[in-house]
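Student: only geometry, no sequence info:
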Ligand code: NDP
């Protein structure tokens with residue numbers, strides 16, 4: 001395993017909230033190499049001692065109990081180099097602190113990705129090094145292509161980890177087990193039996209002070225373009241012969257390529273932003289009046305998109321991806337809704353709900369609703385739910401991503417062509433939205449959002 005990690009942007013929010021706590025969690029569970037050295041690079045004036053104190057605080061505030069128990073050990077393996085990530089000399093200096101290949105983690109604001117990658121190309125990375133690039137990977141197809149071209153000058157594709165921590169989630173990985181390790185589901189995993197698929201990430205939290213990033217991104221770029229499309233690929237791809245990175249990622253790209261570029265954006269998408277209301281955590285002001293928001297940008301805090309997959313397996317099945325902030329209920333799941341039975345031999349007036357297979361993304365759970373004979377009158381039916389709560393993982397989703405990077409396994413990283421395909425799908429939506437099509441709707445914070453969970457009506 002590689003034994004050093006250089007974190008560019010180590011003083012930032014991502015490092016404090018996700019990366020450092022995940023590293024501490026791995027340390028606590030004995031999953032990090034004992035000799036892993038972490039070099040933090042940022043513009044802030046810090047020395048080793050101040051950075052270590054920052055690491056302890058970040059893990060203390062954002063880590064779970066296991067991570068907190070390893071805060072001291074993690075801090076002890078950290079050093080700090082003040083520098084500008086766009087300056088090749090800063091990277092050279094960080095690399096000079098050790099020997100051998102390094103993981104270079106770009107925990108930087110997205111506009112700094114390209115100059116930092118150029119600097120890495122100029123500095124040169126030791127043989128066997130890897131680079132981790134955070135999301136968002138570009139802001140449209142052209143910028144993603146440009147980033148890919150820059151990265152190709154630094155490292156081979158399989159040493160580039162465009163991370164999407166959703167792929168480290170237990171339920172998301174369980175999609176593979178569920179689909180490909182059971183006889184039960186795959187024969188009915190197609191348009192003959194499945195009526196619609198919803199991939200939902202409804203949050204009850206509002207902006208939480210992240211206007212600087214979020215107001216330039218919005219729900220479509222922040223959630224749908226990457227995380228939810230990634231989940232969709234695992235739901236809908238063809239079975240891979242192995243779970244080797246090439247087989248898995250080829251199948252994912254095939255699936256993305258078969259998603260039709262949205263041709264009727266007005267009918268296929270919804271965009272909206274919240275207005276003042278009582279959200280779960282308390283009163284929330286209008287999004288437009290939140291600190292740091294420029295209302296003129298018209299950034300959406302809710303997005304829903306229905307996509308069509310043009311394959312024999314999926315033709316005519318709507319896949320709806322939806323995500324919003326400040327909603328009344330937390331709903332984070334993949335819901336696979338099956339078609340009704342072709343004929344019901346039971347009495348008049350009985351309309352059993354079709355089966356729904358539900359994969360909860362947070363918390364991790366699996367539910368299958370089935371119709372059975374109810375109590376009381378013979379031959380009346382009722383719905384019951386078979387539910388399994390999946391045991392919590394000892395490694396967080398971010399921790400899983402880091403482990404794969406350290407092991408040099410890109411299976412759960414986004415390949416360059418995959419990132420570009422995602423923008424190919426989402427780009428026309430953003431283009432239409434910029435022209436005001438469809439119009440920006442409002443929804444009250446704490447409500448169910450601008451459209452019902454059943455939007456749009458299933459195609460028959
Ligand atoms: P920040 O704005 O906090 O920036 C990260 C750090 O990089 C800051 O300390 C910043 O310093 C520093 N930095 C900026 N420019 C340079 C430079 N030229 N050289 C060295 N350091 C520099 O961003 P986040 O931490 O929030 O996000 C980092 C990345 O992670 C982004 O791509 C983001 O989209 C992604 N991400 C973030 C998540 C989060 O929860 N924060 C979640 C998922 C992904 P300074 O303050 O001086 O600008």
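Tutor: All right, it came through fine. Being a predicted model, the structure only gives us computed values, none of them experimental.

Student: Could you tell me which residues of the chain lie near the ligand?
Tutor: 8-9, 11-14, 17-18, 42-43, 84-86, 107-110, 112, 134-136, 213 (Cβ under 6 Å from any ligand atom). All C-beta spots, glycine's among them, are computed from the backbone N, C-alpha and C.

Student: Now, of these, which are buried?
Tutor: 8-9, 11-14, 18, 42, 84-86, 107-110, 112, 134-136 (16 or more other Cβ atoms under 10 Å).

Student: And residue 145, how close does it get to residue 233?
Tutor: According to Cβ to Cβ, to the nearest Å, residue 145 stands 20 Å off from residue 233.

Student: Between the two, point out the one with more neighbours.
Tutor: residue 233 (23 against 16; other Cβ atoms under 10 Å).

Student: picking that back up, filter the residues of the chain next to the ligand down to the ones in strands?
Tutor: Counting by DSSP state E, the residues of the chain next to the ligand place 8, 42 in strands.

Student: now the helices for the stretch 1-150 of the chain?
Tutor: 13-14, 20-28, 48-62, 65-69, 71-76, 88-96, 110-123, 141-152 (DSSP state H, counting those that start in this stretch).

Student: cool, the stretch 201-350 of the chain as well?
Tutor: Ranges of helices in the stretch 201-350 of the chain, per DSSP H, counting those that start in this stretch, are 211-219, 229-236, 245-257, 265-268.

Student: Tell me where the model's unsure across the stretch 351-460 of the chain.
Tutor: 457-460 (pLDDT under 70).

Student: Run through the strands of it in chain order.
Tutor: 356-361, 364-373, 381-389, 441-444 (DSSP state E, counting those that start in this stretch).

Student: okay, the angle between the second one and strand 356-361?
Tutor: Angle, strand 364-373 to strand 356-361, by axes from the mean of the first three to the mean of the last three Cα atoms, to 10 degrees: 160 degrees.

Student: hmm, who's touching strand 364-373?
Tutor: The contact list for strand 364-373, computed with Cβ atoms under 8 Å, 6 or more residues apart in numbering, reads 169-171, 174, 178, 352-353, 355-360, 379-390, 392-393.

Student: Parallel or antiparallel, list what pairs with it.
Tutor: Here strand 364-373 is paired, per DSSP bridges, with strand 356-361 (antiparallel), strand 381-389 (antiparallel).

Student: Buried deepest among the ones you listed, which one?
Tutor: Across these, the average number of neighbours (mean count of other Cβ atoms under 10 Å) peaks for strand 356-361, which reaches a mean of 20.

Student: next one: that strand to chain centre, how far?
Tutor: Distance of strand 356-361 from the chain centroid (Cα atoms, centre = their mean, to the nearest Å) equals 17 Å.

Student: so what's the residue of the stretch 351-460 of the chain found nearest the ligand up against?
Tutor: Residue nearest to the ligand within the stretch 351-460 of the chain: residue 398 (9.0 Å; Cβ to the nearest ligand atom). Residue 398 makes contacts with 18, 19, 21, 22, 165, 168, as judged by Cβ under 8 Å, 6+ apart.

Student: show me what contacts the closest residue to the fifth one other than its chain neighbours?
Tutor: Looking back up the chat, that one is residue 165. Leaving aside its sequence neighbours, residue 165 sits nearest to residue 397 (Cβ to Cβ, 6 or more residues apart in numbering; 4.5 Å). Counting by Cβ under 8 Å, 6+ apart, residue 397 makes contact with 165, 166, 167, 168, 169, 170.

Student: What of residue 165?
Tutor: Contacts of residue 165 by Cβ under 8 Å, 6+ apart are 18, 397, 398, 400, 401.

Student: try residue 407
Tutor: residue 1.

Student: Apart from its neighbours in sequence, what residue is nearest the spatially most central residue of the chain?
Tutor: Closest to where the C-alpha atoms of the chain average out (Cα atoms, centre = their mean) is residue 227, at 2.9 Å. Leaving aside its chain neighbours, residue 227 sits nearest to residue 166 (4.1 Å; criterion: Cβ to Cβ, 6+ apart).

Student: mind checking how far the one you found is from the ligand?
Tutor: The gap separating residue 166 from the ligand is 10 Å, by Cβ to the nearest ligand atom, to the nearest Å.

Student: thought that residue was touching residue 229?
Tutor: No: taking Cβ atoms under 8 Å as the definition, residue 166 is not a contact partner of residue 229, at 9.7 Å.

Student: more crowded one of the two?
Tutor: Neighbours per residue, other Cβ under 10 Å: of residue 166 and residue 229, the larger number sits with residue 229, 27 against 22.

Student: hang on, that one packs against residue 425?
Tutor: Yes: between residue 229 and residue 425 there is a contact under Cβ under 8 Å: 6.9 Å.

Student: Quick check: the residue of the chain found nearest the ligand vs residue 51, distance?
Tutor: Residue of the chain nearest the ligand, by Cβ to the nearest ligand atom: residue 12 (2.3 Å). Separation of residue 12 from residue 51 (Cβ to Cβ): 13 Å.

Student: Next: residue 103.
Tutor: Residue 103 sits 18 Å away from residue 51, taking Cβ to Cβ as the criterion.

Student: so how many other residues sit close to the closest residue to residue 244 other than its chain neighbours?
Tutor: The shortest distance from residue 244 to any non-neighbouring residue, by Cβ to Cβ, 6+ apart, is to residue 411 (7.2 Å). Other residues near residue 411 come to 16 when the count uses other Cβ under 10 Å.

Student: With the one 5 residues further on instead?
Tutor: Residue crowding around residue 416 was assessed by other Cβ under 10 Å; the count is 19.

Student: Just list the residues touching the closest residue to it other than its chain neighbours, thanks.
Tutor: Spatial nearest neighbour of residue 416, excluding adjacent residues (Cβ to Cβ, 6+ apart): residue 148 at 4.3 Å. Residues in contact with residue 148 (Cβ under 8 Å, 6+ apart) are 416, 419, 420.
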